[in-house]
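> build the 3D model from these lines:
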Amino acid sequence: MALSFTTLGSKPVVTTLPASNVLPTTAILNGKVNPNYLTTNVTFEYGTTSNYGSSIIASTNPISGTDEVSLNATISGLTPGMTYHFRIKAVNSLGEALGSDITFEAKYTIGSIFGGGIICYIDPSGQHGIIAAQNDQHNNITWYNGSYISTNTFETAIYSGKANTATIVSIQGAGLYAAKICDDLVIGSFNDWYLPSKEELNMIYQNLKVTGISTFLSDRYWSSTEYGQYNAWWQQFWDGVQGYNHYAKNQLFSVRAVRAF
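Below you'll find the predicted structure:
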């Protein structure tokens, strides 16, 4: 009597997922594949039209088994401002599966990891903005260096924190205080960090805290904007209120450094 049997396996099942960490010249393409028992080769196809024209091997390749696997690939050499199409492609011995077409624009985006931190603001040009460090630099630090000295760092606007910080440090000198911690900070190859101005600090709150993109463990953070000889602006990160208190430069608040790009 003849016996028969059935081998396990079928062609892959794929899902294209949105691109992440999209920047003007680079992006991460994402997708999921179930190889359905068989050894499966996975690539991403991409290009400026739905005809694609370029491809890149997925982060793990080949794959096998019965579990859905999340995969990605980093592409570079993109043209800023250009819209790109991409899809995931998987092939095994029983067939080919193509994911749906997804598009993205090669540009800076809030929340992208870039330049030693995380982008918290992009200006109207689309080519410049502010990067916040991914973690606090200190959680119990004063604004001043022990003396109530007027620094006249009253600027509040985006990009003004750098000049504020330089002035504060030049007047207050050495020591352990909010602006100096930022001025001394080095993350990777980046050493141009500073204490954010009042408006830069609000961008961190609005674009990273409120949206849930980044976690902030402290209640109040210092800005580099002075209010007067005895006080400076801070922001509450549980409700976004900005304020100052009489003699507040001696209060122990947190610090999150920023840098411009």
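> all helices for this structure, in order.
For the chain, the helices defined by DSSP state H cover 161-172, 178-184, 198-204.
> need these in a markdown table (columns: mean pLDDT, mean neighbour count and distance to Ser76).
Using the backbone N, CA and C atoms, a C-beta is placed for each residue, glycine as well. Putting those into a markdown table (pLDDT from 0 to 100; neighbours: other Cβ atoms under 10 Å; distance: least, Cβ to Cβ, whole Å) gives the following:
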| stretch | mean pLDDT | mean neighbour count | distance to Ser76 |
| --- | --- | --- | --- |
| helix 161-172 | 98 | 20 | 29 |
| helix 178-184 | 98 | 23 | 31 |
| helix 198-204 | 98 | 24 | 28 |
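> report the residue ranges of every domain in the chain.
For the chain, whose domains are defined here by automatic domain parsing, the residue ranges read 13-105, 113-260.
> quick one: mean pLDDT for the shortest one?
For domain 13-105, mean pLDDT rounds to 97.
> would you mind measuring the gap between the ends of that domain?
Between the opening and closing residues of domain 13-105 we find a distance of 27 Å, counting by Cα to Cα, to the nearest Å.
> distance between it and the chain's centre?
22 Å (Cα atoms, centre = their mean, to the nearest Å).
> next: the longest one.
In terms of Cα atoms, centre = their mean, the gap separating the centre of domain 113-260 from the centre of its chain is 17 Å.
> how long is that domain from one end to the other?
Domain 113-260 has an end-to-end distance of 14 Å (criterion: Cα to Cα).
> and for stretch 139-156?
22 Å.
> quick one: mean pLDDT for it?
In the prediction, stretch 139-156 has an average pLDDT of 97.
> skipping adjacent residues, who's closest to Leu208 in space?
For Leu208, ignoring the flanking residues on the chain, the nearest one in space by Cβ to Cβ, 6 or more residues apart in numbering is Ser214 at 4.1 Å.
> my guess is that neighbour contacts Gln206, does it?
No: the pair Ser214 and Gln206 fails to qualify as a contact (Cβ atoms under 8 Å) at a distance of 11.8 Å.
> who's more crowded, those two?
Ser214 (18 against 14; other Cβ atoms under 10 Å).
> what are the contacting residues of stretch 228-241?
Stretch 228-241 is contacted by residues 143, 148-150, 156, 198, 201-202, 205-206, 209-210, 216, 218-227, 242-249, 251, 253 when judged by Cβ atoms under 8 Å, 6 or more residues apart in numbering.
> need the helices of the chain in TSV with distance to Pro18, can you?
Listed next are the helices of the chain as TSV, based on distance: least, Cβ to Cβ, whole Å:
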stretch	distance to Pro18
helix 161-172	32
helix 178-184	34
helix 198-204	24
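> nearest to Ile131 among these would be which one?
For Ile131, the closest of the helices of the chain is helix 198-204, at 10.2 Å, according to Cβ to Cβ.
> ok, how many other residues are close to Thr215?
By the criterion of other Cβ under 10 Å, Thr215 has 10 neighbours.
> confidence score at it?
The model reports Thr215 with a pLDDT of 91.
> what does Asn245 give?
Predicted confidence (pLDDT) for Asn245: 82.
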